[in-house]
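> A structural model of the following input is requested.
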Amino acid sequence: MWLCNSSIGRKVVMSLTGVALVLFLTFHGCMNLVALFSEEGYNMICEFLGANWYAVVATMGLAALTVVHIVYAFMLTAQNRQARGSQRYEVSERNPKVEWASQNMLALGVIVILGLLLHFWNFWYNMMFAELTGIATVHDPADGFAYIVDTFANPVFVVLYIIWLVAIWFHLSHGFWSAMHTLGWSGKVWFERWKTIGIAYTTIIMLAFLVVVLAFAFKLAPSLCC
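Residues are numbered from 1 along each chain as shown. Predicted structure coming up:
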């Protein structure tokens, strides 16, 4: 009940689910890098994951973590707005000590959710969902490489994915060190260190995704030449 009803408890849930999602992004980013160099290697990973029971269970767990993270984010936002009351309308200038990402976490979160839905439509729906339901798709459900090529051959999707990745970067760069602070893993010395580590780690992950998008958009991926 403490995790649901108290402000600190909700922040702890947000932090733990956020860390889990960062770990998934790390795995997903590394997996995508394989597509840069080997079509066969990437499709082997897609086939291994596929609609096997462990992949389905992991997907359900990931979906649950995402839903909990989103729900608690809206709960905390509503709680903060209620606590400020009419004072939020009286503030006209931005506090220079508060980061832009911190002040716009809800808007960034909405962009991240919309991008996630687009990503599900382009990939999960055509791959795992298609394999589970047997619906007809353009390519074989295990041919993830073909879906990458098709998706990023469309300039509109390329722009939308770049916007999505930028939003994730801002969201994570703040959320990473904020989670460490909430979990009590920061003091006067480590506060700035966690911020630096968070920005560096988030940048590396997002660059991994961005490189794949741009490499396939401009047909520069080595795997396309083989």
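
> Quick check on residue 220: phi, psi?
Backbone torsions for residue 220, taken as degrees, to the nearest 10, come to phi -110, psi 0.

> Please name the nearest non-neighbouring residue to it.
In this structure, residue 220 finds its nearest non-sequential neighbour in residue 214, 7.5 Å apart by Cβ to Cβ, 6 or more residues apart in numbering. No exception for glycine: its C-beta is placed from N, CA and C like everyone else's.

> now residue 164
Residue 164's closest residue in space is residue 115 (Cβ to Cβ, 6+ apart), at 3.0 Å.

> which stretch of helix or strand covers the one you found?
In this structure, residue 115 sits in helix 105-119 according to DSSP states H and E.

> elements contacting that helix?
helix 53-84, helix 155-182 (3 or more Cβ pairs under 8 Å, 6 or more residues apart in numbering; DSSP states H and E).

> Deepest in the core, which of these is it.
helix 155-182 (a mean of 19; mean count of other Cβ atoms under 10 Å).

> any idea of the mean pLDDT in it?
The average pLDDT within helix 155-182 is 89.

> Tell me the first helix or strand C-terminal of it.
helix 190-217.

> As JSON lines, the helices and strands packed on helix 105-119 with distance to residue 34 would be great.
JSON lines is the format used below for the helices and strands packed on helix 105-119 (distance: least, Cβ to Cβ, whole Å):
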{"stretch": "helix 53-84", "distance to residue 34": "17"}
{"stretch": "helix 155-182", "distance to residue 34": "18"}
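
> So for residue 15, which of those sits nearest?
helix 155-182 (3.7 Å; Cβ to Cβ).

> and the angle from that closest one to helix 190-217?
Counting by axes from the mean of the first three to the mean of the last three Cα atoms, to 10 degrees, helix 155-182 lies at 160 degrees to helix 190-217.
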